[in-house]
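[1] Build the 3D model from these lines:
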Amino acid sequence: MKVGVIGCGFFAQNHLAAWQAIKEISSVIVCDQQVELAEAAKTQFGVRQVYDEAEEMLANEDLDFVDIVTTPSSHRLLVEMAARYGRHVICQKPLAPSIEDAKAMVDACKLAGVTLMVHENFRWQGIIQRAKQLIDSGRIGDPFLAQISFRTGYNVYSNQPYLAEDERLVLYDMGTHIFDLVRFFMGEVSSLYAQTHQVNPDIQGEDAATVLLCHAAGTSVAAMNYVSAVEHDEFIQIPIRIEGSHGSLEIRRDYQLNVVSNKQMTPYHVPPVHYSWGSSLGGAIMESVVNIQKHWVECLNTGTEPHTSGADNLKTLELVFGSYESAAKSIVCHIR
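    Predicted coordinates:
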């Protein structure tokens, strides 16, 4: 398969490294308006060709799909452009700055007959996949409560300085991940209530948020912030606790997974697969990026819909934007 990667910035390095690890990928082309970034990617990853204009790349290269790793404001233009050229699309999260833009992208790909997947990689961490398997096997019974948190003091602005200028921050940037996990473990959401706070005075958006979400069979609590001062920063690990009708499951730091079933506790250690060229963000991130990109290739080969398709991701974005509405108006937001 031949992939065209649009965007060669900070997180694109993880995408490019992962494509090298997938045997079905025979050729990688890159594009970035900052041509020096594209040239650097060519040197580092053995890329065959570089472009500084996406449409030129799409017109000149016989690509199987494009991988869009740019900021959200550019996603609709690039996704619709790729669809016009008949290229399947994998796109970084957040998919779009509005639900209207996201729906337009989904519709454009459907009309063109191409597949759209959102690069929602957190659920593809090995420990999270193992937790889901254990829950689905019935080990804790029927889940009725999930607590999922992401707390860090890591300087997220050092590699992505634009985040400090965004008026929507942690719910938009990290909430997409956390709400995807909420849906992954607990199913769809019927209503939510959110509160947000700006702790860091040097940024524009909220850097702390807590959201209560209601499901048909239970409740979730999602908490996230970029300002925690903790002894052991868990970046980029995600503490999760799920209560079931006859047991519980907990993901703890250092990739420890504990399951209590019928009053018996079983511990599991599920460290991520490590790669020699691993991400500066940690092994769990690199593992999840490789896993989701393998899933994407498998879906294209088999003609199946990706787990985090564009249409599926609309439901996650509704939780993001619903949380902002809830926090702004101090209301319960009902999800369609």
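[2] tell me, what residue is most central in the chain?
    Glu120 (2.7 Å; CA atoms, centre = their mean).
[3] which residue sits closest to it in space, ignoring its chain neighbours?
    Thr308 (4.0 Å; CB to CB, 6 or more residues apart in numbering). C-betas here are computed from N, CA, C, even on glycine.
[4] Would you agree that neighbour is in contact with Arg183?
    No: counting by CB atoms under 8 Å, Thr308 sits too far from Arg183 to count as a contact (9.9 Å).
[5] what about those two, which has more around it?
    Between Thr308 and Arg183, Thr308 has the larger neighbour count (other CB atoms under 10 Å), namely 27 against 21.
[6] and Ser276, which of the three is it?
    coil (DSSP: H, G, I helix; E, B strand; the rest coil).
[7] how close does it get to Val3?
    Distance of Ser276 to Val3, computed by CB to CB, to the nearest Å: 22 Å.
[8] What of Val332?
    Taken as CB to CB, the span from Val332 to Val3 is 43 Å.
[9] So Arg151 is in contact with Met224, correct?
    Yes: between Arg151 and Met224 there is a contact at 7.3 Å, judged by CB under 8 Å.
[10] Low-confidence stretches in the stretch 201-336 of the chain?
    Scanning the stretch 201-336 of the chain for pLDDT under 70 picks out 234, 277-282.
[11] the helices in it, which residues?
    283-302, 310-329 (DSSP state H, counting those that start in this stretch).
[12] of all these, which lies closest to Met81?
    helix 310-329 (15.1 Å; CB to CB).
[13] Same question for that closest one: list its buried residues.
    Across helix 310-329, burial judged by 16 or more other CB atoms under 10 Å covers 310-314, 316-324, 326-327.
[14] State the distance from Asp173 to Ala104.
    According to CB to CB, Asp173 and Ala104 sit 22 Å apart.
[15] out of these two, which sits in the busier spot?
    Legend: neighbour count by other CB under 10 Å for Asp173 and Ala104, higher for Asp173 (21 against 15).
[16] Distance of that one relative to Ile236?
    Taking CB to CB, one finds Asp173 at 13 Å from Ile236.
[17] could you dump the host helix or strand of Val118 to PDB, C-alpha only?
    Here Val118, judged by DSSP states H and E, is contained in strand 116-119. The C-alpha coordinates for strand 116-119 follow below in PDB (Å, rounded to 0.1, in the frame of the first residue of the first chain):
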ATOM      1  CA  LEU A 116     -12.900   7.700   6.800                       C
ATOM      2  CA  MET A 117     -11.300   6.800  10.200                       C
ATOM      3  CA  VAL A 118     -10.400   9.000  13.100                       C
ATOM      4  CA  HIS A 119      -7.000   8.300  14.600                       C
END
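[18] So for the helix or strand following that strand, what gets flagged as buried?
    Once the chain leaves strand 116-119, the next helix or strand it forms, by DSSP H and E, is helix 126-136. Of the residues in helix 126-136, 126-132, 134-135 count as buried by neighbour count, 16+ other CB under 10 Å.
[19] And these, which is closest to Gly46?
    The closest of those, once distances to Gly46 are taken by CB to CB, is Gly126, at 27.2 Å.
[20] so what's the closest one up against?
    Neighbouring residues of Gly126 by CB atoms under 8 Å, 6 or more residues apart in numbering: 270-273, 284, 287, 291.
[21] what about the helices in the stretch 1-150 of the chain?
    12-20, 35-45, 54-60, 75-84, 99-112, 126-136.
[22] Need phi/psi at Gln160.
    phi -130, psi 70 (degrees, to the nearest 10).
[23] Please report how far the spatially closest residue to it that is not a sequence neighbour lies from Ala96.
    Spatial nearest neighbour of Gln160, excluding adjacent residues (CB to CB, 6+ apart): Phe10 at 6.0 Å. Distance, Phe10 to Ala96, by CB to CB: 20 Å.
[24] Give me the more crowded residue out of those two.
    Shown here are Phe10 and Ala96; by other CB under 10 Å, Ala96 has more neighbours (24 against 15).
[25] The nearest residue to the more buried one once chain neighbours are set aside: neighbour count?
    With sequence-adjacent residues excluded and distances taken as CB to CB, 6+ apart, Ala96 is closest to Ala102, at 3.9 Å. Residues lying near Ala102 (other CB under 10 Å) number 26.
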